[in-house]
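J.: How does the following fold in three dimensions:
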Amino acid sequence: MNALSTGAILFSRTYLSCFLKMATAYKAKLLCSGIFVSGREASALLSEDLAVDDLAPLRLLHSSVDFQQKTVTVSCFGGFKRTALYRPGLGSTLVLETTVAQLREQSAAFEKWQQTWQYRYRPALSAKEMPLKMDTERFETERLAQVVDAAFMESDRARLQRSRAVVILHRGQLVAERYAVGFSAQTPLLGWSMAKSVVNALIGILVQQGKLALDSQDLLPEWRSPSDPRRKITLDQLLRMSSGLRFSEDYSNPLSDVTTLLFQRGDGAKYAAQLPLKNAPGREFSYAGGATVLLCRIIRQVLSGTLTDYFSFPGRSLFERIGMTSAVLEPDAAGTFTGSSFMYATARDWAKLGLLYLQDGCWQIEDEWVRILPAGWVAYSTTPSKTADFYGAHFWLGVPNSFVSETSRAQRQEALTWPEGAYLAAGYQGQFVTVVPDRDLVVVRLGLSQRRNSWDHAAFIHQIRACF
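T.: Next up is the predicted model:
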């Protein structure tokens, strides 16, 4: 056997091993959050979320749920075992490079704090205070209902839409809402990369407090050597995905940086921080979940208090103030929020995030308008980057290509032109919070659109906008 053959065999074994570790971790994490955060039945998660389309091989992995310990363990024929642990207020975390006991000890002070903490503000747009308000003088209610209904129909069996929730706000009022069977206004759902836009808000709050600046450099201890070119990376460049760091965002490859960070490392920020530069900072757009995880580490550094201070920061500074009482931002085993991917909230609470940005970062609290985000922050966040005119600062300025059908793409120059000034938070499997300022609209769509182009978000927004 020659060296080439030996190398190929070793690579194949490494690839297979990483694939099985990623697969068991993925299933354990999603099943644990689905049961204990979303409150869904394990059977539904196993037959739907974790078995559709190209996820079907996950059926072969054995899973075990311990409802008393609030853990989920997944293995492949007894090997490659991965466990996820649920902790109140923190969601589920993969037990990587640590133990269940250590994770429980890590969150003990936060859980004790959480038991005594009460939301001080009356949550606007709560389930009880947000009835449907149909005003036929302002929009075409029948036509809007047809558009929403169509989002839950399946005309192409090869590319199922699998919509789970649609919520539409017009001028701050709920004007349309629908859920798939098994889901409701009380079901927290995973936003995937929509969490990145939440991190944008948290960074903005710290900028407003004077604790961070967009041109800040020397951001991480690992980069502070005088000869390290990464020390020149700015906060703005991380927000605009132009840091220059080498990061492969390929979810189909178990050896890629994104799958390694999310499913094979207990400390995602530590992994991302050691990556070298591929390009000079600010030169090229490169979408990278690692950039967001590093921002979450920077938030932790700036707060420089206890883990309880850090864990409670999103709730105290953002979620509580705008009534996102269902929101759960999940940390990794090292205690750093995985703000690139792992946040759950109800569709109505995701809508509140969009409404905050539609209202220029302000929110009405106890009959008084309060600025949550700095003046000019929304404009900054939705200004095209120099390296990519379709992306701002952790917000998309147009629909990602995987959620634009060939028909919509062909008609983009005509009927389906993207609304001027519209922007969105977007996530894997078709999660969207879309803000359309020229119609005072916030549109939330959550689903399980696994195949590419199975959900045409460009057409959906165009049809909704035409009703107003």
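J.: right, and residue 28 touches residue 64 too?
T.: No. Using CB atoms under 8 Å, residue 28 makes no contact with residue 64, being 9.6 Å away. In this view, the C-beta of every residue, glycine as well, is placed from N, C-alpha and C.
J.: More neighbours: which of these two?
T.: Set residue 28 next to residue 64 and count neighbours by other CB atoms under 10 Å: residue 28 wins out with 28 against 13.
J.: buried sites along the helix or strand encompassing that one?
T.: Using DSSP states H and E, residue 28 sits within helix 3-36. Within helix 3-36, the residues scored as buried using 16 or more other CB atoms under 10 Å are 18-36.
J.: go on, stretch 46-65?
T.: In stretch 46-65, counting by 16+ other CB under 10 Å, buried: 46, 48-50, 52, 55, 58, 61, 63, 65.
J.: from those residues, which single one is nearest residue 435?
T.: residue 49 (27.2 Å; CB to CB).
J.: Quick check: the gap between the closest one and residue 246.
T.: 31 Å (CB to CB, to the nearest Å).
J.: quick one: residue 180 from residue 170, how far?
T.: 22 Å.
J.: Name the residue in these two with the higher neighbour count.
T.: residue 170 (22 against 17).
J.: mind pulling up the phi and psi values for the more buried one?
T.: Dihedral pair for residue 170: phi -130, psi 120, per degrees, to the nearest 10.
J.: hang on, the earlier thing: between residue 28 and residue 64, which contacts overlap?
T.: 72-74 (CB atoms under 8 Å, 6 or more residues apart in numbering).
J.: Columns neighbour count on top of the residues you listed, output as a markdown table?
T.: Supplementary listing: the shared contacts of residue 28 and residue 64 in a markdown table, determined by neighbours: other CB atoms under 10 Å:
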| residue | neighbour count |
| --- | --- |
| 72 | 29 |
| 73 | 21 |
| 74 | 26 |
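J.: tell me which element the closest residue in space to residue 358 that isn't next to it in sequence falls in.
T.: Nearest residue to residue 358 in three dimensions, chain neighbours excluded: residue 435, at 5.1 Å (CB to CB, 6 or more residues apart in numbering). Assessed by DSSP H and E, residue 435 sits inside strand 431-436.
J.: Direction included, what does that strand pair against?
T.: Applying DSSP bridges to the sheet, strand 431-436 is found paired with strand 423-427 (antiparallel), strand 441-447 (antiparallel).
J.: for the helix or strand just after the longest one, packing partners?
T.: Just to be clear, that refers to strand 441-447. Remark: after strand 441-447, the chain's next helix or strand is helix 457-465, criterion DSSP H and E. Secondary structure elements in contact with helix 457-465, counted by 3 or more CB pairs under 8 Å, 6 or more residues apart in numbering; DSSP states H and E, are helix 141-150, helix 406-411, strand 431-436, strand 441-447.
J.: weakest of those in terms of mean pLDDT?
T.: Lowest mean pLDDT of those: helix 406-411, a mean of 64.
J.: thinking residue 94 is in contact with residue 27, fair?
T.: No. Under the criterion of CB under 8 Å, residue 94 is not in contact with residue 27, lying 10.8 Å apart.
J.: Strands along the stretch 201-350 of the chain, start to end?
T.: With DSSP state E, counting those that start in this stretch applied, the stretch 201-350 of the chain shows strands at 328-329, 343-345, listed in chain order.
J.: Tabulate these (JSON lines), appending mean neighbour count.
T.: Listed next are those as JSON lines, based on neighbours: other CB under 10 Å:
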{"stretch": "strand 328-329", "mean neighbour count": "25"}
{"stretch": "strand 343-345", "mean neighbour count": "27"}
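J.: Compile the ones you listed into JSON lines and extend it with columns for distance to residue 153 and mean pLDDT.
T.: Output for the strands of the stretch 201-350 of the chain, formatted as JSON lines (distance: least, CB to CB, whole Å; pLDDT from 0 to 100):
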{"stretch": "strand 328-329", "distance to residue 153": "31", "mean pLDDT": "98"}
{"stretch": "strand 343-345", "distance to residue 153": "26", "mean pLDDT": "98"}
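J.: Let me have the ones you listed in a markdown table, extended by distance to residue 463.
T.: Putting the strands of the stretch 201-350 of the chain into a markdown table (distance: least, CB to CB, whole Å) gives the following:
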| stretch | distance to residue 463 |
| --- | --- |
| strand 328-329 | 32 |
| strand 343-345 | 25 |
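J.: re earlier: which of the strands paired with strand 431-436 sits closest to residue 110?
T.: Nearest of the strands paired with strand 431-436 (CB to CB): strand 423-427, 25.6 Å.
J.: Quick one: work out the angle between that closest one and helix 457-465.
T.: 130 degrees (axes from the mean of the first three to the mean of the last three CA atoms, to 10 degrees).
J.: mean confidence score for strand 423-427?
T.: Computed over strand 423-427, the mean pLDDT rounds to 98.
J.: Please name the nearest non-neighbouring residue to residue 261.
T.: residue 268 is the one closest to residue 261 (CB to CB, 6+ apart), at 4.4 Å.
J.: Does that neighbour touch residue 257 like I think?
T.: No. Applying CB under 8 Å as the test, residue 268 and residue 257 come out as separate, 10.0 Å apart.
J.: who's more crowded, the two?
T.: Shown here are residue 268 and residue 257; by other CB under 10 Å, residue 268 has more neighbours (32 against 20).
J.: what's near enough to touch residue 79?
T.: residue 20.
J.: Contacts only, for the residue nearest to residue 299 when sequence neighbours are not counted.
T.: Spatial nearest neighbour of residue 299, excluding adjacent residues (CB to CB, 6+ apart): residue 202 at 5.9 Å. Residues in contact with residue 202 (CB under 8 Å, 6+ apart) are 299, 313-314, 317-318, 339.
J.: quick one: which of those is most hemmed in?
T.: Busiest of the contacts of residue 202 [other CB under 10 Å] is residue 339, holding 30 neighbours.
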